[in-house]
Structure formats: C-alpha cells, structure tokens
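Asks: kindly generate the corresponding structure for this input.
(one chain, ligands or ions: 2)
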Amino acid sequence: MKHTDIKILFDDSDKYLNASVTVCGWVRTWRDSKSIAFIELNDGTTLKNLQLVIEKENLDESLIKPALVVGCALRVVGKFIPSERNGVELSVENITVLGGCPQDYPLQKKHHTLEFLRTIPHLRPRTKYFEAVFGVRNQLSFAIHKYFNSHGYKYVHTPIITGSDCEGAGEMFRVTTQSWDAKYAKEQDYYADDFFGAKAGLTVSGQLEGEAAAMGLGKIYTFGPTFRAEHSNTTRHAAEFWHIEPEVCFCDLHDIIEIAEDFIKSIIKDVLENCPEELAYFNERNEKGLIEKLQNVVSHDFGIITYTEAVNVLKKSGKQFKYPVEWGCDLQTEHEKYLTEEYFKKPVFVTDYPAVIKSFYMKQNPDGKTVAATDLLVPGIGEIIGCSEREADLEKLKAAMLQRNMTLDAYSDYIDSRKYGSVPHSGFGLGFERMLMYITGVQNIRDTLLYPRTVGSL
Ligand code: 4AD
Ligand code: MG
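Replies: Ligands and ions are numbered 1, 2, ... in the order given. This is a model prediction of the structure:
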C-alpha cells in the first residue's frame with residue numbers, strides 16, 4: 001500500500017509541502033463542528049500526530065462519518081499544507097476506512113493508568129506512552145549493538161536451552177517433554193528418558209557458553225532472552241528478560257569496570273541524541289529532571305567503593321534499615337538505595353564482595369574472603385549490572401565448585417577452559433529492561449516489555 005510515513009512528512013516537510021500525499025494510521029482523537037472536522041492521526045513512526053483537516057463541503061458525509069471514530073484505521077489522501085497552529089497539517093481530499101473500531105475499544109480516553117494498560121498488553125502499543133517506551137527500547141538495542149560492533153566484539157548466540165545453571169541459584173525453568181511416571185525409581189532415570197537424555201532448563205545467563213566463545217574469539221557479547229523462575233514479585237524482576245553479556249579475555253576487574261562505565265555512558269548518549277522526543281515526553285510524564293540526570297551521568301565519573309567500605313558507610317549512616325547490615329550480608333534494596341541515592345547520588349560500582357554470597361566462577365581475591373566482583377548500582381533502581389573477573393586458576397575454580405556441592409562432571413566443558421590455555425578474563429551482565437527503566441524513568445519492569453512474564457502472569 002503506497003503511502004508516506006508521518007515521521008517523514010514532519011522531518012522532511014519542505015519537500016512535501018503543498019504536495020498531495022497518502023498517509024495511513026489510527027485515529028487517536030477527533031473533533032467535529034458544523035463545517036469542519038479534525039482528526040489526530042498516528043501511524044507509529046513518530047510520537048507526533050498528524051492533524052487531518054476535513055472541510056465538509058469538499059467531502060461526502062458518508063465518507064466522513066465512519067472515520068470520526070477513535071481507534072479506527074484510515075488511509076487518507078490529502079494536501080500537505082502549512083498551518084499556523086500545528087506547523088503542518090493535511091487538508092483531506094479522500095478517506096478510506098481500512099478497519100473500523102466499535103465502541104467497546106478500551107482506549108477511548110486520552111490518559112489511562114499504567115495499571116489498566118497492563119491488562120491489555122496487545123493494545124497498549126497504540127498509546128503514546130508505549131509508543132515512546134518501545135521507541136527507546138528499539139534505539140537502546142541498536143545502540144548496544146553499535147557499541148560492541150565498533151569496539152571489535154563479536155556477537156555470539158548462546159543456547160537458550162541448557163543443562164547448566166550458571167548462577168547456581170536453582171532458579172531455572174525446566175524444559176521437558178514428558179510427565180513424571182511412577183515407574184522411575186530415581187530422578188536420574190526419569191531425566192535420562194527425557195528429550196535430551198538429561199535434565200534441561202531455560203538459561204539464566206549465557207555467560208558460561210560466552211566464556212567458551214571468548215576463549216577463541218577474544219571478546220564477545222551476547223544479547224538475548226534469559227529466564228529466571230524467581231518468586232520475586234517486585235517492580236524490577238521479570239521471569240523473562242533480555243540480557244547483555246560481554247566477555248573479554250586478557251582483562252581484569254579494573255579493566256572491565258572501565259569498559260562497563262564507557263559502555264553505559266555511550267548507550268545513554270546515543271539515546272539522548274536519537275530519542276529527543278521520547279525523552280522530552282518522559283521528562284514530563286515520568287520523572288522531572290530525567291534528561292538532566294542522564295546528561296549528568298554521561299559527563300561525570302561513576303562512584304566506586306568496596307563492599308567492606310560500603311558496609312561501614314551503611315553502619316555509620318544512622319539509618320534504621322529493615323535488614324541490619326553486617327559484613328557478610330547480601331546488600332538489600334534499601335542498602336543499595338541509600339548508597340546510590342543518598343551517599344553517592346550517582347551510579348556506583350560496589351566491588352569485592354564476600355565470596356560466600358557470590359557465584360562459583362568469580363576470581364578469588366588473595367584475602368581468601370572476597371571475590372573480584374562488582375555490581376553497578378544506580379539511583380531509583382539498584383543493581384543494573386552484575387560483573388566479575390573470572391577465576392582462571394583450574395584448582396581454585398574446582399575448589400569453589402566443590403564447596404558449593406556442584407557436580408564437576410556436569411561442568412567439564414567449563415573446567416576445560418581453565419585446563420587448556422587459561423587466561424585472565426572478565427565479563428558482566430546488564431539487565432536490558434532495568435537499563436531501559438533507568439533511561440526512561442519507567443517505574444515498573446512490566447511497562448518495558450511487550451508481553452511481560454512475571455510470577456503468576458503469562
Ligand atoms: O547479577 P546477575 O545474576 O549476573 C549474571 O547472570 C552473570 N552471569 C552476568 C555475567 O557476568 N555475565 O544478572 C545480571 C543482571 C542484573 O544485574 C540485572 O540487571 C539483570 O541481569 N537481572 C534481571 N532483570 C530483570 N529481571 C530479573 N529477574 C533479573 N535478574 C537479573
Ligand atoms: Mg546480581
């Protein structure tokens with residue numbers, strides 16, 4: 001169907017001025033009076049609506065009436081003209097209704113609550129809010145690929161179905177084609193009979209496979225869906241989220257922190273440059289000062305503090321935390337919030353966590369208690385990146401696995417990477433939706449995903 005994107009008309013208006021054009025889109029709102037009617041048409045290519053002006057004497061009533069309906073889809077031919085109020089508008093010559101829209105269309109009002117829109121995920125992309133969310137989501141993905149591509153990283157596609165639990169937290173969804181049968185005496189026999197002949201699940205992280213790729217390709221990144229069967233019903237957890245995981249050889253914790261900071265700043269800059277309309281909208285709608293916040297982030301150094309120092313800061317804060325702070329505890333949201341929102345007031349890397357609260361693959365520090373790991377915390381959200389130098393020493397790695405009661409046989413490939421030409425290497429995982437929340441000021445992860453999957457909600 002030959003037509004012109006509304007974005008192109010706005011961006012290149014001089015070229016189209018006074019020409020006859022065809023546009024397609026959905027009616028967002030309309031107004032009617034005796035001699036003239038107006039329609040705000042949106043086609044998804046820009047947040048801006050194109051105003052259609054219908055002089056009633058020029059067009060048959062039978063063509064106009066069916067088009068003055070919120071939600072209906074139109075194809076319109078008209079003259080693209082300058083307008084005092086709107087800059088430009090379309091003086092309508094002909095209208096075809098492509099798809100009518102009955103009165104029970106749920107998006108009748110201009111503003112609906114986000115809670116209500118969550119009940120109609122299939123329709124919410126037709127609202128300005130979600131047009132803006134998915135616009136930024138698109139630009140942010142592109143920015144991420146651009147960053148790694150221009151820095152010599154290879155994009156690898158790690159498997160989604162896997163046998164190994166990378167984070168060791170037992171939060172994997174099972175993948176199976178057979179139901180349990182009492183004929184199996186042992187769990188092992190049951191899995192042996194299953195599709196893969198082994199227990200399989202959906203990946204929680206592409207890291208372990210990513211490390212194998214990096215061991216030959218030097219530096220890689222993954223960008224794909226990961227799955228966590230966590231029963232965390234929060235505004236920051238989804239059961240299916242998109243994960244960016246670079247893995248870099250010949251790189252220690254200090255180096256990977258530099259890379260992570262450069263990467264985060266670069267992708268924010270990209271969105272600032274390429275999504276001005278969306279960010280201006282979110283600056284009004286979600287978070288006053290959002291744009292200024294982002295500009296500050298890209299122009300200042302991130303904070304950095306060791307876990308041990310952070311624990312001291314929290315203890316001296318004089319705050320009454322729900323979860324008391326002691327060396328060795330996992331930092332809770334309230335602690336992360338204090339550190340990044342009140343103490344640093346900017347993104348901060350917390351480094352060198354106690355080994356016992358972190359994963360088996362992290363490089364053990366000489367103190368015997370901590371690991372060369374870091375989380376990047378940001379105001380308003382908390383952790384957006386989990387990062388570490390990996391344990392490159394075969395014996396130390398095996399010891400850490402045994403300490404966690406892991407079956408070494410199940411990880412023999414991973415162990416091989418330390419046996420054959422092991423190198424210092426590091427990587428991190430960025431939660432894509434959490435990054436998107438930070439950039440847009442969206443408060444709930446459910447409003448960053450097309451069809452969010454969370455506990456009890458499919
Ligand atoms: O800290 P995590 O668990 O680290 C890893 O998975 C490592 N294997 C990463 C690596 O070193 N390659 O997860 C990384 C990030 C978190 O910081 C968070 O942003 C995001 O993934 N994340 C989630 N996002 C949304 N919903 C969830 N349930 C998430 N769980 C983790
Ligand atoms: Mg983490």
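Asks: in this protein, what helix or strand scores lowest on average pLDDT?
Replies: helix 187-192 (a mean of 89; mean pLDDT, DSSP states H and E).
Asks: buried residues of it, list them for me.
Replies: For helix 187-192, burial by neighbour count (16 or more other C-beta atoms under 10 Å) applies to 190, 191. Bear in mind the C-beta positions are built from the backbone N, C-alpha and C, glycine included.
Asks: so the helix or strand just after that helix, near ligand 1 or not?
Replies: Heading C-terminal from helix 187-192, the first helix or strand you meet, by DSSP states H and E, is strand 200-202. No: using C-beta under 6 Å from any ligand atom, strand 200-202 stays clear of ligand 1, with a minimum separation of 12.4 Å.
Asks: hmm, who's touching strand 200-202?
Replies: Applying C-beta atoms under 8 Å, 6 or more residues apart in numbering, the external contacts of strand 200-202 come out as 160-163, 165, 172-176, 194, 226-227.
Asks: report the distance from that strand to the chain centre.
Replies: 22 Å (C-alpha atoms, centre = their mean, to the nearest Å).
Asks: just stretch 58-68 next, same as before
Replies: Chain-centre distance of stretch 58-68: 43 Å, with C-alpha atoms, centre = their mean.
Asks: and for the least confident helix or strand of the chain, what are the contacting residues?
Replies: For helix 187-192, using C-beta under 8 Å, 6+ apart, the contacting residues are 178, 180, 181, 184, 197, 198, 199.
Asks: check what pLDDT the first one gets.
Replies: Confidence per residue is given as pLDDT, and for residue 178 that number is 89.
Asks: OK, contacts around it?
Replies: 190, 193, 194, 195.
Asks: hmm, back to that, among the contacts of strand 200-202, which has the minimum pLDDT value?
Replies: Within those, lowest confidence goes to residue 165 (82).
Asks: contacts only, for the closest residue in space to that residue that isn't next to it in sequence.
Replies: Residue nearest to residue 165 in three dimensions, not counting chain neighbours: residue 172, with 5.4 Å by C-beta to C-beta, 6 or more residues apart in numbering. The contact partners of residue 172, taken as C-beta under 8 Å, 6+ apart, are 165, 201, 202, 203, 204, 227, 228, 229.
Asks: the same query, at a cut-off of 6 Å, please.
Replies: Neighbouring residues of residue 172 by C-beta atoms under 6 Å, 6 or more residues apart in numbering: 165, 201, 204.
Asks: circling back: from the contacts of strand 200-202, pick the one nearest ligand 1.
Replies: Comparing the contacts of strand 200-202 against ligand 1 with C-beta to the nearest ligand atom places residue 226 closest, at 7.3 Å.
Asks: name the helix or strand for that closest one, please.
Replies: strand 219-227.
Asks: C-terminal to that strand, what's the next element?
Replies: Next element after strand 219-227 (DSSP H and E): strand 240-249.
Asks: same question for that following strand, mean pLDDT?
Replies: 98.
Asks: hmm, that strand in reach of ligand 1?
Replies: Yes: residues of strand 240-249 contacting ligand 1 under C-beta under 6 Å from any ligand atom: 241, 243, 245.
Asks: next: stretch 342-361.
Replies: No: Stretch 342-361 does not reach ligand 1 (C-beta under 6 Å from any ligand atom); its nearest approach is 7.1 Å.
Asks: quick one: buried residues of stretch 290-307?
Replies: 290, 291, 293, 294, 297, 302, 303, 304, 305, 307.
Asks: run through who's touching it.
Replies: Outside stretch 290-307, the residues touching it (C-beta under 6 Å, 6+ apart) are 261, 265, 268-269, 272, 279, 282-283, 344, 346-353, 441.
Asks: just the residues you listed: which are in strands?
Replies: If you go by DSSP state E, the contacts of stretch 290-307 have 348, 349, 350, 351 in strands.
Asks: same list (these) but as JSON lines, adding pLDDT, distance to residue 101 and neighbour count.
Replies: What follows is these, written out as JSON lines (pLDDT from 0 to 100; distance: C-beta to C-beta, whole Å; neighbours: other C-beta atoms under 10 Å):
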{"residue": "348", "pLDDT": "98", "distance to residue 101": "49", "neighbour count": "22"}
{"residue": "349", "pLDDT": "98", "distance to residue 101": "50", "neighbour count": "20"}
{"residue": "350", "pLDDT": "98", "distance to residue 101": "51", "neighbour count": "25"}
{"residue": "351", "pLDDT": "98", "distance to residue 101": "55", "neighbour count": "24"}
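Asks: go through those residues and name the one nearest residue 156.
Replies: Set against residue 156, the nearest of those by C-beta to C-beta is residue 349 (25.5 Å).
Asks: please give me every residue in contact with that closest one.
Replies: Counting by C-beta under 6 Å, 6+ apart, residue 349 touches 257, 304, 374, 376.
Asks: which two in those residues are spaced the farthest apart?
Replies: Maximum pairwise distance among the contacts of residue 349 (C-beta to C-beta): 9.8 Å, between 304 and 376.
Asks: re earlier: which of the contacts of helix 187-192 are buried?
Replies: So, by 16+ other C-beta under 10 Å, the buried ones in these are residue 199.
Asks: now render the contacts of helix 187-192 as a markdown table, adding distance to residue 142.
Replies: Output for the contacts of helix 187-192, formatted as a markdown table (distance: C-beta to C-beta, whole Å):
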| residue | distance to residue 142 |
| --- | --- |
| 178 | 41 |
| 180 | 44 |
| 181 | 48 |
| 184 | 48 |
| 197 | 40 |
| 198 | 37 |
| 199 | 37 |
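Asks: now the helices for the stretch 1-150 of the chain?
Replies: 6-11, 13-16, 61-64, 114-118, 128-150 (DSSP state H, counting those that start in this stretch).
Asks: show the subsequent helix or strand relative to the longest one.
Replies: Read that as helix 128-150. strand 154-155.
Asks: sheet-wise, list the partners of that next one with their directions.
Replies: strand 219-227 (parallel) (DSSP bridges).
Asks: could you give me the buried positions within the partner strand?
Replies: 219, 220, 221, 222, 223, 224, 226, 227.
Asks: shouldn't the second one be in contact with residue 245?
Replies: What that stands for is residue 220. No: if you go by C-beta atoms under 6 Å, residue 220 and residue 245 don't touch, sitting 8.7 Å apart.
Asks: which residues do the two both contact?
Replies: residue 210.
Asks: from residue 372, how far out is residue 274?
Replies: Note on residue 274: its distance to residue 372, by C-beta to C-beta, to the nearest Å, is 35 Å.
Asks: comparing the two, which shows the higher neighbour count?
Replies: Ranked by neighbour count (other C-beta atoms under 10 Å), residue 274 and residue 372 place residue 372 first, with 23 against 17.
Asks: tell me, how many residues neighbour residue 170?
Replies: 9.
Asks: let me redo that: residue 130
Replies: 19.
Asks: now do residue 147
Replies: Residue 147 is flanked by 22 other residues according to other C-beta under 10 Å.
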